[in-house]
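Student: based on what follows, work out the 3D shape:
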Amino acid sequence: MLYRMCMDILLTHTTALEVLRSARLHWRLERRERCDACVPNCVPSGEELRALIAQTPELAHTALPLEVLVTRDAPRSRTKLVCTHPSPAELPAGSAFEVAPGVRCVSPEHLPVVMASLLTDLELAFLLSELLGLYAIAPSLEKGMFQRWEPLTTPELILAHLDALGSERGTDRVRRALSSACVRSGSPQETRLSMRLGLARMRGGYGFDVLAMNDPVAVQRVRDAMRPGVRKPDILLRAPGATGRGVAVEYDGGDHNSAEAHARDAERHTELIALGIDEHIVTAVQYHDLDYMDGLAEIIRRTLSIPKPHLTRTQQARYRRLRQQLYEELELIDGVHWNGRERERTRGGAVPVVDDRWDVVPVDAYGL
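Tutor: Okay, the predicted model is just below:
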């Protein structure tokens, strides 16, 4: 006989992120099912929570304490089982996703808002990139991630949710971070590479216009009698104001090492070149080499006919430091331990010990 709950819970923060990454739920999530949030004004008892966890498979392996939303006038609670976070009693329609009877989770549109105060700007953009991407970090899987057919949300849905929230805390930071987030990225490493290529020079990027990620490009298939086909380059860049497709950049991770993968890569390269799209491949070793990345950026700049900026030696050195700093900051973001704000507070000192809620994501998830 199932235990009957006397009230609902609304999962939030990293607990919600774990649920949104659940392989069990990914088909429903990719259909973008939503429900109303119904923010509780208290939390269940310990006995009720233990029963709820036991009968809800999605919570069976979730790290404790469960992080949940309650109304702002509700009593605060932090125990081994539950940690509460205050929320407006009324949230816009569709701010949640039903996990199971009695269990709701904040929607992919609302999650960045509630987590914004805990994250650096770069972490927030990285989180948005996963929600807008074609992957989910899953530490329990051998590769540390799995692919999605469709993103959990879109920039348009997030912006509509922010508009509905009005001036709620966190909305302004999410709006700003959304302009730096990657849409339809296929992996954490593609996100990192795209950010390095696309962020402004003042933020450590190369300032290219990222046209698309993993979007279909019509080609003629070399091995199929030149019949029409589709390729999906990792990253497409273009010159500012240009209408052409420009340059493709492909990240060559560990899954590209086999002879079959090399053959597929060569076919893709040939088919894109036939369209007039220059393709550049970045390996894991090259990604970590700042001199190589600077040289590649110069080649791309020339290909796209982007005028070379006139910089003094002092400015050149400054921008190089910023590029190195962006690389190092991205290396610290693993999608599991969200401790960037704490690192900022202890700048210049030792990085504090993280709350090891999950195992570190295997490097395979980043294509290394």
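Student: name the helix or strand for the residue positioned nearest the centre of the chain, please.
Tutor: In the chain, the centroid-proximal residue (Cα atoms, centre = their mean) is Glu130; its distance is 2.3 Å. Assigned by DSSP states H and E, Glu130 belongs to helix 121-131.
Student: by contact count, what packs against that helix?
Tutor: helix 111-115, helix 171-178, helix 188-198, helix 313-332 (3 or more Cβ pairs under 8 Å, 6 or more residues apart in numbering; DSSP states H and E). Every residue, glycine included, has its C-beta placed from N, CA and C.
Student: buried set for it?
Tutor: Leu122, Glu123, Leu124, Ala125, Phe126, Leu127, Leu128, Ser129, Glu130, Leu131 (16 or more other Cβ atoms under 10 Å).
Student: wait, the second one sits on Gly340?
Tutor: Read it as Glu123. Yes. Glu123 lies in contact with Gly340 (Cβ atoms under 8 Å); the separation is 4.6 Å.
Student: helices or strands next to the helix or strand containing Ala16 in the packing?
Tutor: Ala16 belongs to helix 13-20 when assigned by DSSP H and E. Applying 3+ Cβ pairs under 8 Å, 6+ apart, one finds that helix 13-20 contacts strand 66-71, strand 103-106, helix 111-115.
Student: what angle separates the helix holding Glu130 from helix 188-198?
Tutor: Relative orientation of helix 121-131 versus helix 188-198 (axes from the mean of the first three to the mean of the last three Cα atoms, to 10 degrees): 130 degrees.
Student: quick one: mean pLDDT for helix 121-131?
Tutor: Averaged over helix 121-131, pLDDT sits at 98.
Student: what's it in contact with?
Tutor: 17, 20, 108, 111-112, 115-116, 119, 136-137, 151-153, 158, 173-174, 176-178, 180-183, 185, 188, 191, 195, 326, 329-330, 333, 335, 338, 340 (Cβ atoms under 8 Å, 6 or more residues apart in numbering).
Student: which of these count as buried?
Tutor: 17, 20, 108, 111-112, 115-116, 119, 136-137, 151-153, 158, 173-174, 177-178, 180-183, 185, 188, 191, 195, 326, 329-330, 333, 335, 338, 340.
Student: now the helices for the stretch 201-350 of the chain?
Tutor: Counting by DSSP state H, counting those that start in this stretch, one finds helices in the stretch 201-350 of the chain at the ranges 259-274, 284-287, 290-303, 313-332, 340-345.
Student: the ones you listed: which one's closest to Ala96?
Tutor: With respect to Ala96, and counting by Cβ to Cβ, the nearest of these is helix 340-345 at 25.7 Å.
Student: from the contact counts, what lies against the closest one?
Tutor: helix 313-332.
Student: so where's this structure uncertain?
Tutor: Residues of the chain that meet the criterion pLDDT under 70 lie in 1-7, 241-245, 254-258, 347-368.
Student: go again with 50.
Tutor: 1-6, 349-368 (pLDDT under 50).
Student: need the distance between the two termini of stretch 278-290.
Tutor: End-to-end distance for stretch 278-290: 21 Å, by Cα to Cα, to the nearest Å.
Student: over to stretch 279-298?
Tutor: Stretch 279-298 has an end-to-end distance of 14 Å (criterion: Cα to Cα).
Student: ok so, going back, could you export the helices and strands packed on helix 121-131 as JSON lines, including distance to Val217?
Tutor: Putting these into JSON lines (distance: least, Cβ to Cβ, whole Å) gives the following:
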{"stretch": "helix 111-115", "distance to Val217": "30"}
{"stretch": "helix 171-178", "distance to Val217": "25"}
{"stretch": "helix 188-198", "distance to Val217": "16"}
{"stretch": "helix 313-332", "distance to Val217": "27"}
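Student: so for Glu142, which of those sits nearest?
Tutor: helix 188-198 (15.6 Å).
Student: let me see the contact set for Tyr135.
Tutor: Tyr135 touches Met145, Phe146, Gln147, Arg148, Ser185, Gly186, Ser187, Pro188, counting by Cβ under 8 Å, 6+ apart.
Student: and the buried ones among these, selectable in ChimeraX?
Tutor: A single ChimeraX command selects the buried members of the contacts of Tyr135 (16+ other Cβ under 10 Å):
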select :145,148,185,186,187,188
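Student: coming back round to it: and the helices and strands packed on helix 13-20, which is most packed in?
Tutor: Comparing the helices and strands packed on helix 13-20 by mean neighbour count (mean count of other Cβ atoms under 10 Å), strand 103-106 ranks first with a mean of 28.
Student: done for today, thanks.
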